[in-house]
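Undergrad: I'd like to go over a predicted model; first the sequence, then the structure.
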Amino acid sequence: MKNLKIAIQKSGRLNEKSVQILKNCGLVFENYKSSLITSVANFPLEILFLRDDDIPGYVEQGIADLGIVGENVIDESEAQVSYIKRLGFGKCTLKLAIPKDSTIEDLKDLNGKAIATSYPVILKNFLDEYNINADIRLISGSVEISPGLGLSDAICDIVSTGGTLKSNGLKPFADVRRSEAILIGRKGLEDNHILCELVQRIESVLMAKETKYVVLNVEKKNLSAVTTLLHGVKSPTIVPLAEEGWVAVHTVISEDDFWEKINRLKAAGAQGIVVMPIEKIIM
């Protein structure tokens, strides 16, 4: 059986979480910082450690079969690859930002202005959508200092917290592109059985991350009110307790509405609520 190759970021903000999600899938491998490739001991997969900018092209060319990379990098490269799975980490936004004292108030005010960016392709597509003709200036690294140096009137760059913008006297102006880490694959690989197995493992890990396992006690007279609030993988498991008239309820609940759901369960009569993390959920 031929191994597949997956490319992940060698260093940077996606490296640690890319390694972690693969290890959470039960894959055993060494994260060699000084090597470009490592083999997975218990799965037909090899891992390539590359610059994130190179990953879409390597996948498109078939040098790597799969890759984990940010959407912004994929769009900027214009590589022809398949989007296989959104991974829920590495979330950020490509934003337009302007100096705090700028007279720019509307997108149309960018006509004729100079915009510095490391993402000229994405920026041009965005400006074309709004029929804006601006001077796009390609800058690699430290884009946020360009307005202060008189090199541009605005910038277009990745923003996570906004702290870097603020420290350079800039303010967010408009969102250009939201991004997160994506599992991509070369065209034609979609039905590969190794890929299908890997995706199933990733989905089980992601689903477990988004849910909590809950055990609670409730009087039988309040059981209906409690169970109507619980929509787990299927229906809750009900187990009689030694004390007459009481049962234990086992289920999973979503992380998104966790605290709201817990408070509603208590109001409906639930007691002794125990909440536990879930490692994996296999559907």
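TA: It's in.
Undergrad: Residue 273 should be in a strand, yeah?
TA: Yes - the assignment for residue 273 by DSSP: H, G, I helix; E, B strand; the rest coil puts it in a strand.
Undergrad: Nearest residue to it in space, please, no chain neighbours.
TA: residue 216 (4.5 Å; CB to CB, 6 or more residues apart in numbering). All C-beta atoms are positioned from the backbone trio N, CA, C, and that covers glycine.
Undergrad: doesn't the one you found fall inside a strand?
TA: Yes - judged by three-state DSSP, residue 216 forms part of a strand.
Undergrad: residue contacts, it?
TA: By CB atoms under 8 Å, 6 or more residues apart in numbering, residue 216 lies in contact with 226, 248, 249, 265, 270, 271, 272, 273, 274.
Undergrad: now the residues you listed in TSV, with pLDDT, neighbour count and distance to residue 203?
TA: Shown next, in TSV, are the contacts of residue 216 (pLDDT from 0 to 100; neighbours: other CB atoms under 10 Å; distance: CB to CB, whole Å):
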residue	pLDDT	neighbour count	distance to residue 203
226	91	24	29
248	95	16	29
249	93	21	26
265	91	22	27
270	93	22	30
271	93	12	34
272	92	11	32
273	92	14	28
274	91	11	26
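Undergrad: Residue 123: which of those is nearest?
TA: residue 265 (48.0 Å; CB to CB).
Undergrad: per-residue confidence at residue 234?
TA: With respect to pLDDT, residue 234 scores 69.
Undergrad: And what about residue 132, helix, strand or coil?
TA: Going by three-state DSSP: residue 132 is coil.
Undergrad: Number of residues surrounding it?
TA: Using other CB atoms under 10 Å, residue 132 has 18 other residues around it.
Undergrad: One more: residue 89?
TA: 18.
Undergrad: and residue 173, what does it touch?
TA: 95, 96, 97, 98, 104, 154.
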